[in-house]
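**Q** what follows is a predicted structure for the sequence shown.
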Amino acid sequence: MATTIVLVRHGETDWNRERRFQGHADISLNEAGRRQAEALADLLADESFAAAYSSPLRRAVETAEIVTARLGIAFEPSDGLMEVDVGSWSGLTTTEVEQQFPDGFSRWTESRSGGWTGGETYDELGARVVAELLAVAERHLGERVLAVTHGGPIRSVLAAAAGLSFDSGRTKIGFVENCAVVRIAVREGVIEAVD
């Protein structure tokens, strides 16, 4: 019996607009992000969900609050849905990273693997997110669940569904837009993409 998980990325923040690495930084939605979340709530309004989960980071929580209020359900925070921890790069633009951490920036641009110090690798992120979603699927067998998260976790899940390494998923899976919707199914502990 498959569980359907509807993954959504949070709405826009000022740091998204400025192309700053956010990671675990706790940034709020901007006005455009709130409008995006309201449009997302409209998009999902006709669907029913047995449960909802959200990254505990403010930008995801604010998105989840807007969407779940429209759906008439509550959500639970889940650390497993947090964005990758970008360590020393948090709050920096790509230009600032290139100037301050040229070796790490070169590693990141060539292979898209994490070039920062501290934080998490993409493999650690992927393992964390996949484990969390498998646990959610086990708790909600055969049901539809909403999960409000971030671009990195969504790419990790898509990599898992495609049989790619989490590192290579960075280069092979495109950018995930703010408030994008991605549907997956979890069947007998296996993640599958859903069209």
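**A** Yep, that arrived.
**Q** quick one: contacts for the residue most central in space within the chain?
**A** What sits nearest the mean C-alpha location of the chain, by C-alpha atoms, centre = their mean, is His150, with 2.2 Å. Counting by C-beta atoms under 8 Å, 6 or more residues apart in numbering, His150 touches Arg9, His10, Gln22, Ser55, Leu57, Ala60, Leu81, Met82, Glu83, Val84. (Glycine included, C-beta is placed from N, CA and C.)
**Q** how many other residues sit next to Phe49?
**A** Phe49 has 21 neighbouring residues, counting by other C-beta atoms under 10 Å.
**Q** quick check: longest helix in this structure by residues?
**A** helix 122-139 (DSSP state H).
**Q** got any ranges where the protein has weak pLDDT?
**A** Per-residue confidence for the chain (pLDDT under 70) gives these ranges: 111-113.
**Q** for it, just list every one of the helices.
**A** Listed in chain order, the helices of the chain (DSSP H) span 14-17, 31-44, 58-71, 94-100, 102-111, 122-139, 151-162, 166-172.
**Q** mean neighbour count for these - can I get that in a markdown table?
**A** A markdown table is the format used below for the helices of the chain (neighbours: other C-beta atoms under 10 Å):
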| stretch | mean neighbour count |
| --- | --- |
| helix 14-17 | 17 |
| helix 31-44 | 17 |
| helix 58-71 | 22 |
| helix 94-100 | 14 |
| helix 102-111 | 14 |
| helix 122-139 | 19 |
| helix 151-162 | 23 |
| helix 166-172 | 18 |
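**Q** ok so, going back, now the longest helix of the chain - C-alpha only, PDB.
**A** What follows is helix 122-139, C-alpha atoms only, in PDB (Å, rounded to 0.1, in the frame of the first residue of the first chain):
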ATOM      1  CA  TYR A 122      24.700  16.500   0.600                       C
ATOM      2  CA  ASP A 123      24.900  12.800   1.400                       C
ATOM      3  CA  GLU A 124      24.200  13.500   5.100                       C
ATOM      4  CA  LEU A 125      21.200  15.800   4.100                       C
ATOM      5  CA  GLY A 126      19.800  13.100   1.700                       C
ATOM      6  CA  ALA A 127      20.100  10.300   4.300                       C
ATOM      7  CA  ARG A 128      18.400  12.500   6.900                       C
ATOM      8  CA  VAL A 129      15.500  13.600   4.600                       C
ATOM      9  CA  VAL A 130      14.900  10.100   3.200                       C
ATOM     10  CA  ALA A 131      14.900   8.500   6.600                       C
ATOM     11  CA  GLU A 132      12.300  11.100   7.800                       C
ATOM     12  CA  LEU A 133      10.000  10.600   4.800                       C
ATOM     13  CA  LEU A 134      10.200   6.800   5.100                       C
ATOM     14  CA  ALA A 135       9.200   7.200   8.800                       C
ATOM     15  CA  VAL A 136       6.300   9.500   7.900                       C
ATOM     16  CA  ALA A 137       5.100   7.000   5.200                       C
ATOM     17  CA  GLU A 138       5.200   4.200   7.800                       C
ATOM     18  CA  ARG A 139       3.100   6.300  10.200                       C
END
